[in-house]
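Novice: sequence and computational prediction follow.
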Amino acid sequence: MSPATPAPQRGGAALELLVHGVGGATPQDMLDDPRTVRITGDRTAAMHRRAEDLDAEDHPERYAARPVPEAYVWSNLTSGDGARALWLLLLPFMVANLAHWMRPPSQGRPGLVRTYGVLVRLVALTLTVLLTAAACEVALDLTAWQCAAGAACADAHSWLGFLSEARGGWWSAPGRRLAVAALVPTLLVGLLWYLSNRTWSAYEAQRPPSGYDEPGAPAGSADTESADRGDDGPGPFGVRPALGRPGFWYGRRLVARLRAAHTAAGFLTVAAALATAAARHDDTVPGAGAVVGRALVSAVAALAVLVLWVVCRRGRSERRLDQRVERALVSWLPGASLTVLALTVLYAGWARPGWTSQGALPGNVAFGGLTLAQGALVVALGVVALLLQRTRVDGRTALRGLGGPAVAMLACALAGVMSGGVAQRVADWLDGPATPGMGDRGPRIGPPVLLSWQASVIPVLLLLLLVPAVLLAVRTVLAGRRLRALVEADYAAADERDPVRTGQIAAGRARASLTDSAPVLVGVVSGATLLLGAGSVAGAWASGNVPGRAFDGAHPAIASLATATQAIGSWMIGFGFLLFVTWGRRAYRDASARRTIGILWDVGTFWPRAAHPFAPPCYAERAVPDLTWRMSSWTRSTGGRLVISGHSQGSVLAAAAVWQLPPATRRRVALLTYGSPLERLYGRWFPAYFGPDALRGLHRTVHCWTNLYRATDPIGGPVRVPAEDGRPAVDAAVLLDPVAYGRTRAHPLPEPILGHSDYQADPAFARRRGALLDRLPPAVPHPRGPNPAADQGSSGRSSG
């Protein structure tokens with residue numbers, strides 16, 4: 001069914017701005033016409049119209065009975081070229097960034113809100129250090145220090161010949177081997193810096209419409225951290241929550257600061273690995289080497305303290321468009337860290353007669369310290385979240401306000417799986433078929449003991465997760481049986497009953513309700529990960545050996561169980577890493593797989609990069625200004641009415657764009673959402689930004705709003721905004737899915753269960769859209785001017 005079905009018969013010029021949801025859509029499908037024209041935008045995101053509607057503003061008489069449909073296509077922001085499949089490797093960074101936005105709402109408690117933001121940024125910093133440390137572990141420890149020192153391992157891998165200690169070449173000295181291997185993690189940090197800088201220029205630099213800032217935020221203010229001030233209350237134009245602030249979608253300054261700090265942290269991690277290895281030897285022999293080593297270690301520590309200060313010092317500036325970039329800091333901090341790294345490379349490459357590489361580098365201390373730091377930060381984050389939630393309890397908030405700490409723990413777990421997976425996999429490759437740390441003959445190449453302990457708890461974690469998964473499956477089956485009576489009542493007018501058809505509809509509704517159980521699974525996984533992670537650190541430090549060796553003297557059953565869990569965990573963590581790489585490679589070559597990954601990014605990268613600068617970029621920082629500019633320019637040029645129609649994730653973009661509009665423009669805009677996760681996902685997981693107060697405020701600030709949903713939709717649902725102040729409730733009556741129970745004259749073939757898709761095929765869609773347009777004030781007479789669609793700078797090239 002065309003989205004431009006006849007609607008109101010009065011009111012003057014009207015535009016329907018369609019915004020698609022997750023997974024993307026083509027303009028041809030959105031406009032139900034094979035001939036479409038891009039009227040403004042580029043290949044990444046653009047507005048499209050039917051070719052016949054291109055000159056609609058010049059002929060308003062043609063559209064007296066229907067709105068002009070216009071489609072905003074933004075799918076390439078998340079699933080464009082093949083290189084974006086590599087964003088999958090940045091998944092832990094993206095998840096940590098989500099934790100920043102999951103804080104409970106607060107008003108008048110700026111200290112706690114600021115502390116929450118600082119703690120999340122510190123968790124994100126540990127992820128960068130962990131990723132770099134994992135690269136150091138693979139390149140410096142496993143390859144250059146352990147494998148190149150053994151003749152059998154070096155001979156088995158001929159490309160290591162020039163580093164082989166047995167051959168006695170110039171590069172075979174331990175310090176020089178480490179210096180060469182340090183190129184790998186250094187290049188990795190440089191690549192992350194490049195990707196972040198490139199996307200920063202394309203996304204964060206997209207300036208939203210301006211014209212008014214909030215009071216208390218003068219243009220020259222030095223420290224306006226509105227995100228850390230604990231003010232989720234109304235702004236100067238009625239209720240104006242955070243998403244309506246002028247600088248919310250303009251994080252240029254903060255991302256630049258965090259990028260400098262995280263890049264410096266990566267370089268300093270490599271420098272620390274080199275300096276500690278060489279200094280450990282120099283401390284055992286007299287000479288100037290020990291003095292130089294201590295000086296370099298001190299320089300690394302001093303710069304690390306500066307990195308922490310930069311990360312903790314400033315949050316987001318949202319109450320104004322903060323266009324400043326601290327170029328001295330942004331360039332000096334990474335440059336100074338890279339200089340210290342270069343000096344450390346020279347120091348490590350000094351000739352040291354008699355120095356041989358034995359055992360492994362002290363990775364247990366580094367990885368154990370990181371694990372403990374992450375656990376402590378997550379616990380502190382949980383305490384702050386509970387204190388924030390205590391004053392404003394909402395029963396629908398996910399995990400009672402602990403969603404942020406739980407997701408932060410998941411980010412740490414994902415980073416641990418990825419770092420441990422690559423270390424285990426490389427160790428398997430270098431050590432042969434034996435489990436790392438368990439080889440009895442030949443070279444014993446293995447990662448730090450702690451990584452083996454962490455891998456061993458993965459089977460235990462999966463067993464723990466199996467319990468709630470089975471309970472949810474049973475509950476879903478029982479719910480499907482209970483819903484049969486309700487389904488038959490909803491289709492009471494049907495001529496006859498079909499038990500199979502009834503069961504299909506009831507099962508679809510029961511499966512859709514599983515989305516509401518996601519907090520339980522996240523809570524179980526996060527809590528178990530925290531406890532098992534603490535147990536793995538205790539086991540590694542107490543035994544000093546891998547699990548398979550730590551229980552050698554125990555009962556045979558316990559020893560066998562420890563060996564089995566280590567072997568299974570080592571295999572699973574290596575397989576998990578390979579799965580990431582394989583999925584990324586497939587997505588690089590296959591556009592359909594890339595769109596599947598794009599769905600993940602649609603949800604995860606809606607939010608600006610407030611915690612981690614290396615996370616995939618926020619597409620909303622491009623999409624929201626696009627929509628806001630378009631609505632403002634069209635209403636200003638034509639004086640007409642506008643309904644912005646958002647499906648799924650598009651409804652979230654539509655709401656964010658409406659919040660950004662000036663008050664005069666909002667009075668001419670209606671909001672139509674369908675299959676919307678505004679309350680079901682965003683309201684529960686991001687209560688400070690989409691909680692009940694924010695959604696009620698949106699209802700009051702927009703001229704009119706209607707939400708459509710189905711009981712079979714696993715993503716969309718009601719927004720639960722009641723009627724108030726003479727305004728009707730936002731939620732329409734739940735739509736029946738399928739629209740017909742059996743065969744009828746109007747539906748001679750069985751209708752499918754649509755779930756989350758094809759809302760426009762329901763006859764209620766056109767009726768509700770028409771009612772919204774009728775409620776808008778009539779079009780304001782406006783002088784005839786140039787075609788505003790053509791004014792957007794488009795060539796009008798057809799995309800159909």
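Specialist: Received the coordinates, thanks. Being a predicted model, the structure only gives us computed values, none of them experimental. Numbers count the residues shown, from 1 in each chain.
Novice: point to the residue nearest the middle of this protein.
Specialist: Here the mean C-alpha position of the chain is nearest to the C-alpha of Gly604 (C-alpha atoms, centre = their mean), at a distance of 2.9 Å.
Novice: now the host helix or strand of Val297: mean pLDDT?
Specialist: Using DSSP states H and E, Val297 sits within helix 288-313. Mean pLDDT, helix 288-313: 92.
Novice: please apply the same query to stretch 171-186.
Specialist: Here the average pLDDT along stretch 171-186 is 92.
Novice: one more: stretch 380-400?
Specialist: 88.
Novice: may I have that stretch as CSV, with CA atoms only?
Specialist: The C-alpha trace of stretch 380-400 is given here as CSV (Å, rounded to 0.1, in the frame of the first residue of the first chain):
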residue,chain,number,x,y,z
ALA,A,380,31.6,1.8,42.1
LEU,A,381,29.4,2.5,39.1
GLY,A,382,26.7,0.3,40.5
VAL,A,383,26.8,2.1,43.9
VAL,A,384,26.5,5.5,42.1
ALA,A,385,23.6,4.2,40.0
LEU,A,386,21.8,2.9,43.1
LEU,A,387,22.2,6.3,44.8
LEU,A,388,20.8,8.1,41.7
GLN,A,389,17.9,5.7,41.3
ARG,A,390,17.0,5.9,45.0
THR,A,391,15.2,9.2,44.6
ARG,A,392,13.2,8.4,41.5
VAL,A,393,12.2,4.8,41.4
ASP,A,394,10.4,3.6,38.2
GLY,A,395,9.3,-0.1,38.1
ARG,A,396,9.9,-0.4,34.4
THR,A,397,13.5,0.8,34.5
ALA,A,398,15.8,-2.1,33.5
LEU,A,399,17.6,-3.8,36.4
ARG,A,400,16.3,-1.1,38.8
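Novice: list the contacts of that stretch.
Specialist: 99, 102-107, 109, 112-113, 115-116, 119-120, 123, 401-406, 408, 518-519, 522-523, 679, 683-685, 687, 691-692 (C-beta atoms under 8 Å, 6 or more residues apart in numbering). C-beta coordinates here come from the backbone N, C-alpha and C atoms, glycine included.
Novice: tell me what the helix holding Val297 is packed against?
Specialist: Packed against helix 288-313 by the contact rule (3 or more C-beta pairs under 8 Å, 6 or more residues apart in numbering; DSSP states H and E) you find helix 110-136, helix 252-282, helix 327-348.
Novice: before we move on, back to that, how about the nearest residue to the residue nearest to the centre of the chain, chain neighbours excluded?
Specialist: For Gly604, ignoring the flanking residues on the chain, the nearest one in space by C-beta to C-beta, 6 or more residues apart in numbering is Met94 at 4.7 Å.
Novice: I'd say that neighbour and Ala615 touch.
Specialist: Yes. Here Met94 lies in contact with Ala615, judged by C-beta atoms under 8 Å, at a distance of 4.6 Å.
Novice: who's more crowded, the two?
Specialist: Of the pair Met94 and Ala615, Ala615 is the one with more neighbours under other C-beta atoms under 10 Å, namely 30 against 24.
Novice: may I ask which helix or strand encompasses the nearest residue to that one once chain neighbours are set aside?
Specialist: Excluding its sequence neighbours, the residue lying closest to Ala615 (C-beta to C-beta, 6+ apart) is Phe93, at 4.1 Å. For Phe93, the element it lies in under DSSP H and E is helix 91-101.
Novice: what do you get for Gly650?
Specialist: Assigned by DSSP H and E, Gly650 belongs to helix 649-660.
Novice: could you tell me the end-to-end distance of stretch 696-705?
Specialist: 11 Å (C-alpha to C-alpha, to the nearest Å).
Novice: same question for stretch 740-759.
Specialist: Stretch 740-759 has its terminal residues 14 Å apart, counting by C-alpha to C-alpha.
Novice: other residues contacting that stretch?
Specialist: 491, 494-496, 498, 501, 504-505, 508, 512, 647-648, 674-675, 708, 710, 712-716, 735, 737-739, 761, 765.
Novice: those residues, buried ones only, as a ChimeraX selection?
Specialist: Applied in ChimeraX, the following selects the buried portion of the contacts of stretch 740-759 according to 16 or more other C-beta atoms under 10 Å:
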select :491,494,501,505,508,512,647,648,674,675,708,710,712,713,714,715,716,735,737,738,739,765
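Novice: the contacts of stretch 740-759 in strands, which ones?
Specialist: Per DSSP state E, strands hold the following members of these: His647, Tyr674, Leu708.
Novice: just checking, the last one touches Phe765?
Specialist: Think Leu708. Yes. Checked against C-beta under 8 Å, the pair Leu708 and Phe765 is within contact range at 6.7 Å.
Novice: name the residues contacting each of those two.
Specialist: Taking C-beta under 8 Å, 6+ apart as the contact rule, Leu708 and Phe765 both touch Tyr674, Tyr759.
Novice: Ala149 versus Ser172, what's the distance?
Specialist: Computed as C-beta to C-beta, to the nearest Å, the Ser172 to Ala149 distance reads 9 Å.
Novice: on that earlier part again, contacting residues around the residue nearest to the centre of the chain?
Specialist: Gly604 neighbours (C-beta under 8 Å, 6+ apart): Met94, Val95, Leu98, Pro616.
Novice: at 10 Å what do you get?
Specialist: Thr78, Trp87, Leu90, Leu91, Met94, Val95, Asn97, Leu98, Ala615, Pro616, Cys618 (C-beta atoms under 10 Å, 6 or more residues apart in numbering).
Novice: just name the closest of those to Ala351, please.
Specialist: Set against Ala351, the nearest of these by C-beta to C-beta is Leu90 (40.2 Å).
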